[in-house]
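# Have a look at this fold, sequence not included:
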Ligand SMILES: [Zn+2]
């Protein structure tokens, strides 16, 4: 099973293979030719006949001009639909290609393609025999991917009864090959580069009072999300009765959550954050809301704010799981402390820093962008999460 990032990268590639876009690059509704045999329209390959609710929802978002949200939801729909392929092989390059097969030919079709590739009877049920054959073949992922590409074509000819006479054939071949190239890009690519502890924080958070924090997702803010771990730190002080009216969003600059936790306990200069949201959506709290954490690089801002760190390296966008927890946390904090949306800001609006990095790059933000741009991206993301 791949990492959450790999899962979304795979779904994103499928979306990009499938998507029709308008002149501005926004997702568009594609009205299908009658020969296709599917429904009347689709969005990013999500067909109205097979996924009526999802297709209608996406078409509605596009009609309302909510393109970013449509894009994100389409990725999640594709990821969820193709999750069926995830347990079949623990080599992500293979999983990635199987996800693409599953999206096009359904879970059963993808299972049969896989079985054909590893030379077992293609009954569409990945049982012990299939698993043993897969375990043997996965030792050479490149060769297995080539077998899958061939099996996919064979399946199309023999089971779907499509060949060069179909007007779709050229497009299919092109698609199979592009998906193959994409899947091969994961061979030998480690899921995560080992990053030395604390590697990230040095450049901006070790100024005496710097750190980052996270947010909460997609609910009405009535319930605080579950804190998975309490890791209290002595790096904190009193708010001196200052009201909380800001939520400051940070990124850790490293994918190592343990390194960040340890740094906020033992690092020097001493820094901390109230919360850290892991890339898997886990929530760590280190300082009570009622106390001052040292994350903003500005004492009076620390007194009035909650700091949320998001585990992410430079270049990493927020993961789906992380977004969910973060949005739930932010929504709850806003409700609890009566903070309006304008009070939710990226760290770069407090001091000169690249924080919160590329977390909201998909919404127009990015490391090094101005406070206005990063804040606007953060708020667009919040809107997409229902805040
Ligand atoms: Zn920060």
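The structure has been received and is ready for your questions. Remember, predicted model here, so these are calculated numbers, not experimental data. Numbering: from 1, shown residues only.
# how about the strands of the chain, start to end?
Remark: strands assigned in the chain by DSSP state E are 30-31, 41-43, 46-47, 229-230, 236-238, 246-251, 275-277, 283-285, 291-293, 305-310, 344-346.
# Return the most buried member of those strands.
Of all the strands of the chain, strand 275-277 has the most neighbours on average by mean count of other C-beta atoms under 10 Å, namely a mean of 33. The way it works is simple: take the backbone N, C-alpha and C, and place the C-beta from them, glycine included.
# Quick one: list the elements packing against that one.
With contacts taken as 3 or more C-beta pairs under 8 Å, 6 or more residues apart in numbering; DSSP states H and E, strand 275-277 sits against helix 257-266, strand 283-285, strand 305-310, helix 320-337.
# hang on, the earlier thing: can I get the strands of the chain in a markdown table including mean pLDDT and distance to residue 10?
As requested, the strands of the chain are exported to a markdown table (pLDDT from 0 to 100; distance: least, C-beta to C-beta, whole Å):
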| stretch | mean pLDDT | distance to residue 10 |
| --- | --- | --- |
| strand 30-31 | 90 | 21 |
| strand 41-43 | 93 | 18 |
| strand 46-47 | 92 | 16 |
| strand 229-230 | 91 | 29 |
| strand 236-238 | 95 | 41 |
| strand 246-251 | 97 | 23 |
| strand 275-277 | 98 | 23 |
| strand 283-285 | 96 | 26 |
| strand 291-293 | 96 | 36 |
| strand 305-310 | 98 | 22 |
| strand 344-346 | 98 | 29 |
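# what's the domain layout of the chain?
Domains of the chain are assigned by automatic domain parsing as 4-184, 202-384.
# I'd like the ones you listed laid out as TSV, including distance to the ion.
Supplementary listing: these in TSV, determined by distance: least, C-beta to the ion, whole Å:
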stretch	distance to the ion
domain 4-184	21
domain 202-384	3
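# Which of those has the highest mean neighbour count?
Of those, domain 202-384 is the most buried (mean count of other C-beta under 10 Å), at a mean of 21.
# Residue 99 contacts residue 85, doesn't it?
Yes: between residue 99 and residue 85 there is a contact at 4.9 Å, judged by C-beta atoms under 8 Å.
# Quickly list what's touching both of those two.
residue 110 (C-beta atoms under 8 Å, 6 or more residues apart in numbering).
# just to revisit the earlier point, right, and the helices and strands packed on strand 275-277 - which one's nearest residue 224?
When the helices and strands packed on strand 275-277 are ranked by proximity to residue 224, the top entry is helix 320-337, at 4.8 Å, counting by C-beta to C-beta.
# what distance separates that closest one from the middle of the whole chain?
Chain-centre distance of helix 320-337: 16 Å, with C-alpha atoms, centre = their mean, to the nearest Å.
# what do you get for stretch 68-80?
Distance of stretch 68-80 from its chain centroid, counting by C-alpha atoms, centre = their mean, is 10 Å.
# And for stretch 76-94?
Relative to the mean C-alpha coordinate of its chain, stretch 76-94 is positioned 14 Å out (C-alpha atoms, centre = their mean).
# What is the least confident helix or strand in the protein?
helix 202-205 (a mean of 35; mean pLDDT, DSSP states H and E).
# right, and the strands of the chain - which one's nearest residue 119?
Closest to residue 119 of the strands of the chain, according to C-beta to C-beta: strand 46-47, at 31.7 Å.
# which residues touch the closest one?
Defining contact as C-beta under 8 Å, 6+ apart, one finds that strand 46-47 is touched by 18, 32, 38, 39, 41, 54, 55, 58, 74, 77, 78.
# Quick check: the second one touching residue 38?
Read it as residue 32. Yes: if you go by C-beta under 8 Å, residue 32 and residue 38 touch, sitting 5.6 Å apart.
# pull the longest helix from this protein.
Secondary structure of the chain per DSSP state H: the longest helix is helix 92-117.
# which of the domains of the chain has the lowest average pLDDT?
The minimum mean pLDDT among the domains of the chain belongs to domain 202-384 (a mean of 88).
# so how far is residue 285 from the closest residue in space to residue 265 that isn't next to it in sequence?
Spatial nearest neighbour of residue 265, chain neighbours left out: residue 233 (4.7 Å); criterion: C-beta to C-beta, 6 or more residues apart in numbering. Counting by C-beta to C-beta, to the nearest Å, the gap from residue 233 to residue 285 is 10 Å.
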